[in-house]
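*Asks:* Structure for this input, please:
(chains A and B)
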Amino acid sequence: MKLNKCIPMRTFFSVVLLILFSASLAGCWSSHEINNLALIGIMGIDQDDSGQFELTVSIVNPSPGGSLGGAGKMQSTAIVETTTGKTLFEAMGKLSSTLSKEIYLGNLGVVIVGEKAAQNKMESILDFLKRNTHIRPYVQLLVTREKVVDIVKAEPQLKSNLGSEIQGIITNRHYTHLAVIRDLSQFLKEFSSDTRDSFTGEIQLAAKNGINIAEKTKKMEAGIAQKETKGMGHNKETLSLQGQPYLRITNTLARLTSKKLEACFWEEVN
Amino acid sequence: MDETLVNEVRKRLSRIEIDGILESSYIEAMIQDAPLSPFPTIFNTERPDRLCAGLLEGKVAILTEGTPFTLTMPAVFIEFLHSNDDYYNGGFPSSIVRWIRGLGLLVALILPAFFIAILTIHQELLQSPFLIRISGNREDLPYPVLIESIFMIMTFELLREAGQRMPRLFHGSVITLLGILIIGQIAAQSGLVAPLTVVVIGVASLTTFILPNHAFQQVIRYLCLPMLLLAGLFGFMGILIGLMVILTHLINLRSFGIPYLSPISPSRKEGWKDVFLRTPWWAMDTRDPAVGVSNLRRSGDDNFPKPPTHQPKENQNEIE
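*Replies:* Below is the predicted model:
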């Protein structure tokens, strides 16, 4: 029996059309090798003195074969880069020109916005974040009164990268009822509302919040336990959430009083 | 037994013109409904109990001189996922094993494809720590993950085939497994492939052994490769298209006029007792209705075991 009689032409064309249509939806052009991606865990946006955007990102630099040593904490370092531009796209373009890998924002966990940028440039920032298809809608949005670069340069304490560290702090703040953190989609919803004001939490360096953090490591050498204390006496640059969140009232930032904060919680609960 | 089925088998057998038949697969190839389909539509077994079970279901069997393999027909898809041990163990463990086997089918077919799709196109689905870990492992590797996976699959297939041809003295299957492990580890250590690729391809390759029928196992093993290419080129969309094509093909297939996916599609509730669950024997009172037997009842109505209704007589001697 001939092959063309065994496979009806209609079936053949259906399969060809199916493959062609699927090719137009996704394809090799969408594929990116994972080791060619510059994974950005945290992004900071601020405004410099000349009124330009100042973009600071922390790019995870995973060590080759980092997990071959077995289970446990992955040893990865981070590179912090800062660029400026009239628009965030321009700043991003400058950033891209310095990197040998493709910028990947799919795993961006936190966006920190400086106080000045939050007051003057919030619409442009949200526009940039919303337009990028890789950025997840539930990326956490925080404001800081300190230098954004200092926040992005802070070291994670218990997690392998700063983005995960801040997300962990936000998720596990059981003993504090003060900080109200909004993710991008929630903030956007409130920002575009005519009747509601948008607000989110503030983050600052732990030292500024009166928290002393020191790292203690123990090395075992030739059966004798030696204690080594690193950084004792001065704070590691780690982060903590500030209790009072910022409220946006027609392009100005104001700190919530405890009464207003209670009102926010009441609104959330109900 | 359905007379029309027997007559159809006779008709197809009488059509064969060949100088010699050395094995039952010769007959199988010349009487099946869809000769171009990779899926077997005739069940072959060398176990007498499996053959008898087929006959009790109302199927037709062909015994060929000079070979231990017999053919039973019609065959349905779900039959290739069932093992004869299912019927000899209790209903509860057998049902769980059937679910595990179903999972094994999915793992063997789409796990490597899923892995490729996530690593090349859908990285956003991975959690950040996992993504960083994988990225660290893949740093400075020479080949893309798709090429790497194809390379690993080809290595496993070469070793498996070599193990099968190896004299019994050398314990071929043991050497195959050890070879897979050792070569995989050395390839990962020498920086040719990522350790996770070895794990995923190794798990998928070994999982194919969970499928009881050899012919069916081979089909799933080889279908893994086109799925892998589709995933590498189109991501999850490719996997979905691949699964849709396979499912459409399976729905179209017939085995001696019986739909290949019966009793799932078309659905017959009597047949569901022996599909995903293996109901206890007292509940399996009907045969598979898809086969078209005239006598659908397999057993009596009252096979459910009950405790005795009367009190056993007390031992008079002990009382005295």
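*Asks:* Need the single longest helix in the chain, by residues.
*Replies:* Looking at chain A here, since you left the chain open. Criterion DSSP state H: the longest helix present in chain A is helix A:9-25.
*Asks:* switch to chain B, that's the one I care about
*Replies:* Using DSSP H, we find that the single longest helix of chain B is helix B:91-120.
*Asks:* Show me what counts as buried in it.
*Replies:* Neighbour-count burial for helix B:91-120, counted by 16 or more other C-beta atoms under 10 Å in any protein chain shown, picks out B:91, B:94-95, B:97-98, B:101, B:104-105, B:107-120. For every residue, glycine as well, the C-beta is placed using N, CA and C.
*Asks:* Report the distance from the helix or strand following that helix to the chain centre.
*Replies:* Next helix or strand after helix B:91-120 toward the C-terminus (DSSP states H and E): helix B:128-138. When C-alpha coordinates are averaged (C-alpha atoms, centre = their mean, to the nearest Å), helix B:128-138 and its chain have centres 34 Å apart.
*Asks:* Please point out which parts of helix B:128-138 sit buried.
*Replies:* Burial within helix B:128-138, assessed by neighbour count using 16+ other C-beta under 10 Å, is assigned to B:128, B:129, B:131, B:132, B:133, B:134, B:135, B:136, B:137, B:138.
*Asks:* what does stretch B:30-42 give?
*Replies:* By 16+ other C-beta under 10 Å, the buried positions in stretch B:30-42 come out as B:31, B:32, B:33, B:34, B:39, B:40, B:41, B:42.
*Asks:* From the opening residue of that stretch to its closing one, how far?
*Replies:* 11 Å (C-alpha to C-alpha, to the nearest Å).
*Asks:* Is chain A within reach of that stretch?
*Replies:* Yes - looking at stretch B:30-42 against chain A by C-beta under 8 Å from any C-beta of the partner chain, the contacts come from B:35, B:36.
*Asks:* Tell me the secondary structure at the nearest residue to residue B:271 once chain neighbours are set aside.
*Replies:* Distance criterion C-beta to C-beta, 6 or more residues apart in numbering or on different chains; nearest residue to residue B:271, sequence neighbours excluded, is residue B:263 at 2.6 Å. What DSSP: H, G, I helix; E, B strand; the rest coil gives for residue B:263 is coil.
*Asks:* Am I right that residue B:263 is in contact with residue B:276?
*Replies:* No - using C-beta atoms under 8 Å, residue B:263 is not in contact with residue B:276; the gap is 10.9 Å.
*Asks:* between those two, who's got more neighbours?
*Replies:* Neighbour totals were compared for residue B:263 and residue B:276, and residue B:263 leads with 22 against 13 (other C-beta atoms under 10 Å in any protein chain shown).
*Asks:* The more buried one and chain A: what is the separation?
*Replies:* Remark: distance between residue B:263 and chain A (C-beta to the nearest C-beta, to the nearest Å) = 26 Å.
*Asks:* Check what pLDDT the closest residue to chain B within the stretch 51-200 of chain A gets.
*Replies:* Closest residue of the stretch 51-200 of chain A to chain B, C-beta to the nearest C-beta: residue A:62 (3.2 Å). Here the pLDDT value assigned to residue A:62 is 80.
*Asks:* Hmm, residue B:133 and it touching each other?
*Replies:* Yes - under the criterion of C-beta under 8 Å, residue A:62 makes contact with residue B:133 at 7.3 Å.
*Asks:* Burial check on residue 162, number of neighbours?
*Replies:* By default, I'm working from chain A. Residue A:162: 26 neighbours (other C-beta under 10 Å).
*Asks:* wrong chain, I was asking about chain B
*Replies:* Using other C-beta under 10 Å, residue B:162 has 13 other residues around it.
*Asks:* Look up which helix or strand it falls in, please.
*Replies:* helix B:145-165.
*Asks:* now the angle between helix B:91-120 and that helix, please.
*Replies:* 140 degrees (axes from the mean of the first three to the mean of the last three C-alpha atoms, to 10 degrees).
*Asks:* and helix B:145-165, is it in reach of chain A?
*Replies:* Yes - taking C-beta under 8 Å from any C-beta as the criterion, helix B:145-165 and chain A are in contact, through residue B:145.
*Asks:* Could you list the residues in contact with the helix or strand following that helix?
*Replies:* Next helix or strand after helix B:145-165 toward the C-terminus (DSSP H and E): helix B:172-189. The contact list for helix B:172-189, computed with C-beta atoms under 8 Å, 6 or more residues apart in numbering or on different chains, reads B:152, B:155-156, B:159-160, B:162-166, B:193-195, B:198, B:202, B:205-206.
*Asks:* Now do stretch B:36-49: distance from first to last residue.
*Replies:* 30 Å.
*Asks:* what about it, distance to the chain center?
*Replies:* Worked out by C-alpha atoms, centre = their mean, stretch B:36-49 lies 11 Å from the chain centre.
*Asks:* Same question for stretch B:56-63.
*Replies:* That offset, for stretch B:56-63, works out to 20 Å (C-alpha atoms, centre = their mean).
*Asks:* I figured residue B:53 was touching residue B:83, is that so?
*Replies:* No - if you go by C-beta under 8 Å, residue B:53 and residue B:83 don't touch, sitting 11.3 Å apart.
*Asks:* Might you list the low-confidence residue ranges for the chain?
*Replies:* You didn't say which chain, so I picked chain A. Low-confidence segments of chain A (pLDDT under 70): A:1-7, A:22-23, A:26-27, A:63-76, A:174-179, A:209-210, A:213-270.
*Asks:* was after chain B, sorry
*Replies:* Using pLDDT under 70, chain B drops low at B:1, B:169, B:311-320.
*Asks:* can you rerun that using 80?
*Replies:* Along chain B, segments meeting pLDDT under 80 span B:1-2, B:166-177, B:180, B:270, B:290-294, B:301, B:309-320.
*Asks:* Smallest gap between the stretch 1-150 of chain B and chain A, at which residue?
*Replies:* For the stretch 1-150 of chain B, C-beta to the nearest C-beta, closest residue to chain A: residue B:136, 3.2 Å.
*Asks:* ok, and the closest non-adjacent residue to that residue?
*Replies:* Nearest non-adjacent residue to residue B:136, counting by C-beta to C-beta, 6+ apart: residue A:62, 3.2 Å away.
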